[in-house]
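Peer 1: Just to be clear, the model below is a prediction. Sequence and coordinates:
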Amino acid sequence: MAKRIKKDTIITVVGLVITVCAFVGAIIAVTKMISKPANDTETTTYSKQNNKASTLHFDGKDYQLKENMEVILIMGIDDREDLGNTKFAINNSQADVLYVYAVDHKNKTFQAIQINRETMTGIQTYNNDGTKDAIAEAQICLAHSFGKTEQGRCLNTVDAVSGLLFNIPVDHYISLNMAAISILNEQVGGVTVTVPAGLESADPAFKEGAKVKLQGKQAELFVRSRMSLENDTNEFRMERQQMFLNAWMEQANHKMDTDSGFALGLVLSISDYMTSDMSANALSDLANQLKEYKNLGTVKTIGETLLESEAKISAFREYYVDSDDLERKVIELFYEEKPTDSEG
């Protein structure tokens, strides 16, 4: 079991990570510094060696992974129940939010790619008893629906994300149950957002252009509403997720500056919603590095969404990513051109 970290260390690390990361990564990371379950192992790190895509050939050139590159998957989990360890390996848990961070330790930068939850890709399916079934093409969010433990579900999602991104090695994962959104909102006194068009059916207060301080269930409605809307695309929901994250970060930074107890109260309030394979020491080291690194922002994939009536495989909407565009983005974030023999 990881040792308990001193309060001042927790606050320092929280401040550093919140300043430079999307809130999901920040909150999950520092939570693991508070405590671990007594039956938890120290770490279970995703096996980079077994999945390493050392080179890619694209547009007539060969590329290799950037030196000292660290890849971290951030997941927002759509599940209202605390599954923990379960009897069966098939459940209703899905990865609603997916960010893959490229942390370039050589050039001291970090950047994220946001993945649409409806992206069609190969995922490992399991039988109810936990034995492997087939590799099926399905929405990438469903990879988290397979596994008897939260760790297993996260690792299955890691595999799916790695495969989608041309077998990029994912070093670590961090997940947050999306049921924590209302708690996060409450901790900063209510996030203030400018409402985009098309949300009034979710809440009468959500009039286009209105500035609303989200209260109670409003935060969850703002971030998660979809099927009740005229524009019920996941792309619209992803835009609102990013709006909420940006506004939350700004208010959290202000709270950090004005309330010395904010960080500790924050992590304690949502500690039951977190899962990660990173140790406290690793997270602390990462936070101290990131404070010196440049944030290069977030990129999105492009592709085509097929409605339920057009779906090729499932009864759900299917997002087919533009493979060439995705590979180009993967190379830009994670790879560098491989030197020729003469450059040695």
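Peer 2: Everything's here; your move.

Peer 1: Can you give me the buried ones in the longest helix seen in the chain?
Peer 2: Identified as the longest helix of the chain according to DSSP state H is helix 234-258. Applying a neighbour-count criterion of 16 or more other CB atoms under 10 Å, the buried positions in helix 234-258 are 234, 236-238, 240-245, 247-249, 251-252, 255-256. Bear in mind the C-beta positions are built from the backbone N, C-alpha and C, glycine included.

Peer 1: Then stretch 296-307?
Peer 2: Here stretch 296-307 shows 301, 303, 305-306 as buried, counting by 16+ other CB under 10 Å.

Peer 1: Residues in contact with it: which ones?
Peer 2: Here stretch 296-307 makes contact (CB atoms under 8 Å, 6 or more residues apart in numbering) with 22, 99, 109-116, 118-119, 233-235, 238, 242, 312, 317-322, 325-326, 329, 333.

Peer 1: surely Arg317 meets Asn234?
Peer 2: Yes. Shown here, Arg317 and Asn234 form a contact pair, counting by CB atoms under 8 Å, at 7.3 Å.

Peer 1: Now do the shared contacts for the two.
Peer 2: Residues touching both Arg317 and Asn234 (CB under 8 Å, 6+ apart) are 118, 305.

Peer 1: Could you report the pLDDT at Arg80?
Peer 2: We note a pLDDT of 50 for Arg80 in this prediction.

Peer 1: Residue ranges in the stretch 51-200 of the chain under the pLDDT threshold?
Peer 2: Filtered on pLDDT under 70, the stretch 51-200 of the chain yields the residue ranges 51-53, 79-87.

Peer 1: would you list every one of the strands in it?
Peer 2: With strands called from DSSP state E, counting those that start in this stretch, the stretch 51-200 of the chain shows them at 55-58, 61-65, 69-78, 94-104, 109-115, 120-126, 132-139, 172-177, 192-194.

Peer 1: Serialize those strands to JSON lines and add fields for distance to Leu155.
Peer 2: Shown next, in JSON lines, are these (distance: least, CB to CB, whole Å):
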{"stretch": "strand 55-58", "distance to Leu155": "24"}
{"stretch": "strand 61-65", "distance to Leu155": "21"}
{"stretch": "strand 69-78", "distance to Leu155": "10"}
{"stretch": "strand 94-104", "distance to Leu155": "12"}
{"stretch": "strand 109-115", "distance to Leu155": "17"}
{"stretch": "strand 120-126", "distance to Leu155": "10"}
{"stretch": "strand 132-139", "distance to Leu155": "13"}
{"stretch": "strand 172-177", "distance to Leu155": "7"}
{"stretch": "strand 192-194", "distance to Leu155": "34"}
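
Peer 1: JSON lines for those, including mean neighbour count?
Peer 2: Converted to JSON lines, the strands of the stretch 51-200 of the chain look like this (neighbours: other CB atoms under 10 Å):
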{"stretch": "strand 55-58", "mean neighbour count": "14"}
{"stretch": "strand 61-65", "mean neighbour count": "16"}
{"stretch": "strand 69-78", "mean neighbour count": "23"}
{"stretch": "strand 94-104", "mean neighbour count": "23"}
{"stretch": "strand 109-115", "mean neighbour count": "21"}
{"stretch": "strand 120-126", "mean neighbour count": "20"}
{"stretch": "strand 132-139", "mean neighbour count": "15"}
{"stretch": "strand 172-177", "mean neighbour count": "25"}
{"stretch": "strand 192-194", "mean neighbour count": "16"}
